[in-house]
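Participant: A structural model of the following input is requested.
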Amino acid sequence: MAFRDQRSTVSEPRPVAREKGLRDFKSLKVWGKAHNLTLAVYKATHGFPKDEVYGLTSQLRRSSSSVGANIAEGCGRKGSVELAYFLHLALSSASELENHLLLARDLDLLSASVHDRLSNDTVEVKRMLTSFIQRLKAAC
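Facilitator: Numbers count the residues shown, from 1 in each chain. Coordinates of the predicted model:
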């Protein structure tokens, strides 16, 4: 399975881009970072043991993809309150991912260097989500 290493060129949310009340999630830097993190998690778990396919492999992939999916879903909702709700869900998924990464490292499924890179990217996404949520709350 081939994975593309995409470098996101999407920008930080200004006042969030709107088109008839909808926000373009692809224009958000935090979504681009979450998307690239998901690609990296898929690549890192590609060589996990087959007996983990329905276990930790699935959990890592599901929690990582849930971050970007929740950002996208929030952007498709009507208002800032609903967007903030889905950003909180994305933040929860990122925390879940952080836990699963620790478990994978402690089980020697991820090297320390891969774990550190993915964990640092996860923490960065969490910071970006927290900042975005705070800006939304301040605008209300």
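
Participant: for stretch 105-125, what is the average pLDDT?
Facilitator: What stretch 105-125 shows for mean pLDDT is 97.

Participant: which stretches of this protein have low pLDDT?
Facilitator: The chain contains residues with pLDDT under 70 at 1-22.

Participant: how about the strands in it?
Facilitator: 18-19, 22-23 (DSSP state E).

Participant: tell me the helices in the chain, going along the chain?
Facilitator: Secondary structure of the chain (DSSP state H): helices located at 29-45, 56-75, 80-106, 112-139.

Participant: For the closest residue to residue 93 other than its chain neighbours, give me its contacts.
Facilitator: Excluding its sequence neighbours, the residue lying closest to residue 93 (CB to CB, 6 or more residues apart in numbering) is residue 66, at 3.9 Å. For the C-beta atoms, the positions are set from N, CA and C on the backbone; glycine is no exception. Contacts for residue 66 (CB atoms under 8 Å, 6 or more residues apart in numbering) come out as 89, 90, 93, 96.

Participant: if we can go back for a sec, can you say which of the helices of the chain is nearest to residue 23?
Facilitator: Among those, helix 56-75 comes nearest to residue 23, with 3.8 Å by CB to CB.

Participant: Just the buried residues of the closest one, please?
Facilitator: 56-57, 59-61, 63-75 (16 or more other CB atoms under 10 Å).

Participant: Kindly calculate the angle that it makes with helix 80-106.
Facilitator: Calculated by axes from the mean of the first three to the mean of the last three CA atoms, to 10 degrees, helix 56-75 forms an angle of 170 degrees with helix 80-106.

Participant: got the CA coordinates for helix 56-75 in CSV?
Facilitator: As requested, the backbone C-alpha atoms of helix 56-75 are provided in CSV (Å, rounded to 0.1, in the frame of the first residue of the first chain):
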residue,chain,number,x,y,z
LEU,A,56,-4.2,-1.5,18.2
THR,A,57,-3.7,-1.0,14.4
SER,A,58,-7.4,-0.3,14.1
GLN,A,59,-7.6,1.9,17.2
LEU,A,60,-4.6,4.0,16.1
ARG,A,61,-6.1,4.5,12.6
ARG,A,62,-9.6,5.1,13.8
SER,A,63,-8.6,7.7,16.4
SER,A,64,-6.3,9.5,14.0
SER,A,65,-8.8,9.7,11.2
SER,A,66,-11.5,10.8,13.6
VAL,A,67,-9.6,14.0,14.3
GLY,A,68,-9.9,15.3,10.8
ALA,A,69,-13.3,13.9,10.3
ASN,A,70,-14.7,15.7,13.3
ILE,A,71,-13.2,19.0,12.1
ALA,A,72,-14.8,18.5,8.7
GLU,A,73,-18.1,17.5,10.2
GLY,A,74,-18.1,20.6,12.4
CYS,A,75,-17.4,22.8,9.4
